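A.B. asks: the amino acid sequence is not available; the structure is as follows:
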């Protein structure tokens with residue numbers, strides 16, 4: 001019988017995507033060697049577009065120069081999924097966890113990430129659900145409110161989920177979000193049409209949903225953690 005599940009949560013604020021990518025690689029290597037416990041990175045990024053390992057550049061509708069002109073970066077990653085956008089007022093969680101230690105397969109892991117965002121949405125009276133076949137992430141009446149793109153190597157996860165609190169949705173017009181052309185992107189703010197609490201409060205609620213759904217009970221908090 002497994003004992004209490006332990007995790008360290010890093011509250012990082014707004015962090016450059018490339019720095020976070022390096023940090024994830026470092027932590028995933030350390031987790032694989034059991035040098036650290038399961039770790040959850042909670043953060044936001046400056047305006048950033050990322051592509052998954054399939055390299056679907058055709059789903060970026062403007063040039064990289066045009067992306068730079070609007071103040072956005074472009075990064076290629078080894079996660080699953082298609083092109084997506086990260087930016088201010090979007091809650092991001094990057095779990096660096098051992099699926100073997102918590103007894104989850106890849107499919108159940110993704111379902112738990114979906115459930116985390118669905119539960120958060122429900123706190124604000126928004127009825128969200130997992131996508132249909134071929135539609136990753138979390139949806140509200142056919143509009144995408146949360147994206148998922150994960151990497152699993154030797155049973156250790158990296159990358160994760162992005163939940164739209166109130167980002168500038170115009171950024172999504174420059175891409176085919178997640179490679180699905182006929183679907184809109186939405187946000188919690190757009191769906192509820194009311195004043196939301198500060199982003200930090202919603203981040204905390206997202207973390208709480210994650211911890212409950214994944215069954216973590218032994219929690220350590222670490223503030224403003226960066227590469228050392």
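C.D. replies: Structure's in. What do you need? Keep in mind that what you see is a predicted model, and the values were worked out from it rather than measured.
A.B. asks: contacts and neighbour counts: CA atoms only from here.
C.D. replies: Noted.
A.B. asks: test my guess that residue 155 contacts residue 99.
C.D. replies: Yes: counting by Cα atoms under 8 Å, residue 155 touches residue 99, with 5.5 Å between them.
A.B. asks: now the helices for the protein?
C.D. replies: Under the criterion DSSP state H, the chain contains helices at 17-32, 64-69, 99-102, 106-123, 188-192, 199-214.
A.B. asks: list the buried residues in the lowest-mean-pLDDT helix or strand in the chain.
C.D. replies: Lowest on mean pLDDT, DSSP states H and E among the helices and strands of the chain sits strand 73-76, with a mean of 78. Along strand 73-76, these residues count as buried under the neighbour rule (16 or more other Cα atoms under 10 Å): 73, 74.
A.B. asks: who does it pair up with?
C.D. replies: If you go by DSSP bridges, strand 73-76 pairs up with strand 48-51 (parallel).
A.B. asks: so what's the gap between the partner strand and the chain middle?
C.D. replies: 12 Å (Cα atoms, centre = their mean, to the nearest Å).
A.B. asks: list the contacts for the residue minimising distance to the centre of the chain?
C.D. replies: Residue closest to the average C-alpha location in the chain (Cα atoms, centre = their mean): residue 161, at 1.9 Å. Neighbouring residues of residue 161 by Cα atoms under 8 Å, 6 or more residues apart in numbering: 92, 93, 94, 113, 146, 147, 148, 149, 150.
A.B. asks: swap in 10 Å and give it another go.
C.D. replies: Neighbouring residues of residue 161 by Cα atoms under 10 Å, 6 or more residues apart in numbering: 91-95, 110, 113-114, 116-117, 137-138, 146-150.
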